[in-house]
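*Asks:* need a 3D model of the following:
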Amino acid sequence: MAVAVASVTALGLIGWGTLQLVDVFTGGGDKYTATGATKDCRTKTAAAPAARVHALPRPGQITVNVYNATKRTGLAKTTADELRKRGFKIGDVGNASKQYDKKVKGAGILLGSAAARDTSLRVLGTQLDGAQLRADSRRTADLDLVIGDAFKGLAKQGAADQALAKLSEPAPTASPKKSC
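*Replies:* Predicted coordinates for the structure are as follows:
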């Protein structure tokens, strides 16, 4: 019986000690939720956006294939020409494959490898409002822009540049402020 009581006491002390260490190394007492820190009398922390893990490529490092999935002719070429003016490398230009032809109802679909999802697909996504980003099984670094029925044109140059600049900014970190 004494061994059982001693074991429970030892486990309790280890757990309490662990909590104390966590409290010391996290700045003391804040309770974190999925959206950030909640208010605590000792420390108040503003929620910070998630830090970016991958370095973003410049448009000149991204090769984009432009495919038209609409009934409008010449759309892939004019869009590719505009992307080229904005600094992107252009690969293939033409009609969409049977898989997408006349089947894309939105503005467009941006396709790339899973590795491109948080890098070059995001950069290309600044150029087309409302595009769906999808990863496929390709092993190459090139991206596909499949133009859909709701496509009205690329984002205005200024808005695209702003979105790209914002995407490239380092994520701010939270700084604790004492209150109470």
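*Asks:* okay, CA-based contacts and neighbour counts for the rest of this
*Replies:* Noted.
*Asks:* pLDDT of stretch 80-99, averaged?
*Replies:* The average pLDDT within stretch 80-99 is 98.
*Asks:* so for that stretch, what gets flagged as buried?
*Replies:* For stretch 80-99, burial by neighbour count (16 or more other C-alpha atoms under 10 Å) applies to A80, D81, L83, R84, F88, K89, I90, V93, G94, N95, A96.
*Asks:* one more: stretch 105-123?
*Replies:* Result for stretch 105-123 [16+ other C-alpha under 10 Å]: buried residues 107-117, 119-123.
*Asks:* do the same with stretch 69-81
*Replies:* Per 16+ other C-alpha under 10 Å, stretch 69-81 contains these buried residues: A69, T70, L75, A76, K77, T79, A80, D81.
*Asks:* sorry, back to before: show me which pair in the buried residues of stretch 105-123 is furthest apart.
*Replies:* Farthest apart among those by C-alpha to C-alpha are A107 and A115. That separation is 23.2 Å.
*Asks:* just the C-alpha atoms of stretch 90-98, please, in PDB.
*Replies:* Taking only C-alpha atoms (Å, rounded to 0.1, in the frame of the first residue of the first chain), the coordinates of stretch 90-98 have been written out as PDB:
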ATOM      1  CA  ILE A  90       5.500  30.500 -70.100                       C
ATOM      2  CA  GLY A  91       5.500  26.800 -71.100                       C
ATOM      3  CA  ASP A  92       2.700  25.200 -73.200                       C
ATOM      4  CA  VAL A  93      -0.300  27.300 -74.300                       C
ATOM      5  CA  GLY A  94      -3.400  25.800 -75.800                       C
ATOM      6  CA  ASN A  95      -6.700  24.200 -75.200                       C
ATOM      7  CA  ALA A  96      -7.400  22.300 -72.000                       C
ATOM      8  CA  SER A  97      -7.200  18.500 -71.900                       C
ATOM      9  CA  LYS A  98     -10.400  16.500 -72.100                       C
END
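*Asks:* for G112, list the residues it contacts.
*Replies:* G112 makes contact with L121, R134, A135, D136, R138, A141, D142, L143, D144 under the criterion C-alpha atoms under 8 Å, 6 or more residues apart in numbering.
*Asks:* buried subset of those, written for PyMOL?
*Replies:* PyMOL command restricting those to the buried ones, with burial defined by 16+ other C-alpha under 10 Å:
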select buried, resi 121+142+143+144
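*Asks:* just the contacts of G112: which are in strands?
*Replies:* R134, A135, D136, L143, D144 (DSSP state E).
*Asks:* nearest residue to the first one other than its sequence neighbours?
*Replies:* Meaning R134. L111 (5.0 Å; C-alpha to C-alpha, 6 or more residues apart in numbering).
*Asks:* does the one you found lie in a helix or a strand, and which?
*Replies:* strand 108-113 (DSSP states H and E).
*Asks:* over to T78?
*Replies:* helix 75-85.
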